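Undergrad: everything below, folded, please.
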Amino acid sequence: MIENGGDLYRVLEPLKLLEAKPPMWWPAYGTFEVVVGAVLTQNSQWTRVEHSLRNLRDQGLLTPEGIAEVPGEILSDLIRPSGLYQSKARTLGELCRAMVEQYGDFETFCLETERAWLLARRGIGPETADSILCYGCGRAAMVVDAYTARLVAALGYECEDYDALQAWCRGGIEGDTTQRARDYALLHGMIVEYVKRYKRGRSVETAPLVNQAI
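TA: This is a model prediction of the structure:
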């Protein structure tokens, strides 16, 4: 019986969904690149995000200071492959200027920033904020998204909003902050990879999970 995120973790892990993936699933875990990727991946495919990240890297702009200082029109052009490039450039520019002003550097940002601070920035919603905290800062923040909602619904649970879905996934995940940070990061990655592998049109096949849970 899968009743919460802890149960789900235990049945997903034997399926080896994260083989050949980066150690913590998200590429460049623990770096500023995650912050940029979390914004760019909004309503976009990751392959397009990688193109934008490569453009920024090639120009030496994949730093808070670099993005904070680059003119908006140049930033927009560099991240154009990710789509919605004008609004995303505005979000990234404002976020990085606030980051540099408030925290000075990315390392201090990771240690001191709070979810409420991120949510107060224009263009940063709960999923993006939690992605930054979880995969950029290594915090115990559980990311949930459309993949999570599809899988949890397929398991027979109704979660009315982001917070309720996040609370379901947090359930049963124990240990100290470091352990929970790792488990949250891997659980989200396993959920995404599972849904990609076992989606059937609008539905998600749950037999592999049920078989593991028996």
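Undergrad: residue contacts, the residue most central in space within the chain?
TA: Residue closest to the mean C-alpha point of the chain, counted by Cα atoms, centre = their mean, is residue 131 at 3.2 Å. Residue 131 makes contacts with 26, 34, 38, 143, as judged by Cβ atoms under 8 Å, 6 or more residues apart in numbering. The way it works is simple: take the backbone N, C-alpha and C, and place the C-beta from them, glycine included.
Undergrad: give me the phi and psi for the last one.
TA: Taking degrees, to the nearest 10, you get phi -90, psi 130 for the backbone angles of residue 143.
Undergrad: gap between it and residue 22?
TA: Residue 143 sits 15 Å away from residue 22, going by Cβ to Cβ, to the nearest Å.
Undergrad: same question, the second one
TA: Applying Cβ to Cβ, one obtains 11 Å for the distance of residue 34 from residue 22.
Undergrad: name the residues contacting each of these two.
TA: When Cβ under 8 Å, 6+ apart defines a contact, the residues bordering residue 34 and residue 22 alike are residue 28.
Undergrad: where along this protein do the helices fall?
TA: Along the chain, the stretches classed as helices by DSSP state H are 5-12, 32-40, 46-58, 64-69, 72-78, 85-103, 106-112, 115-119, 126-131, 146-154, 162-170, 177-198, 207-213.
Undergrad: so which of residue 34 and residue 22 has more stuff around it?
TA: Comparing residue 34 with residue 22 by neighbour count (other Cβ atoms under 10 Å), the higher total belongs to residue 34, at 22 against 12.
Undergrad: now that one. Nearest residue, chain neighbours left out?
TA: Nearest residue to residue 34 in three dimensions, chain neighbours excluded: residue 136, at 3.6 Å (Cβ to Cβ, 6 or more residues apart in numbering).
Undergrad: how near is that neighbour to residue 168?
TA: Separation of residue 136 from residue 168 (Cβ to Cβ) stands at 24 Å.
Undergrad: low-confidence stretches in the chain?
TA: Where the chain drops to pLDDT under 70, the residues are 214.
Undergrad: per-domain residue ranges of it.
TA: With domains defined by automatic domain parsing, the chain comprises 5-24+141-213, 32-124.
Undergrad: pull up the distance across the first one, start to finish.
TA: The one in question is domain 5-24+141-213. End-to-end distance of domain 5-24+141-213 (Cα to Cα, to the nearest Å): 13 Å.
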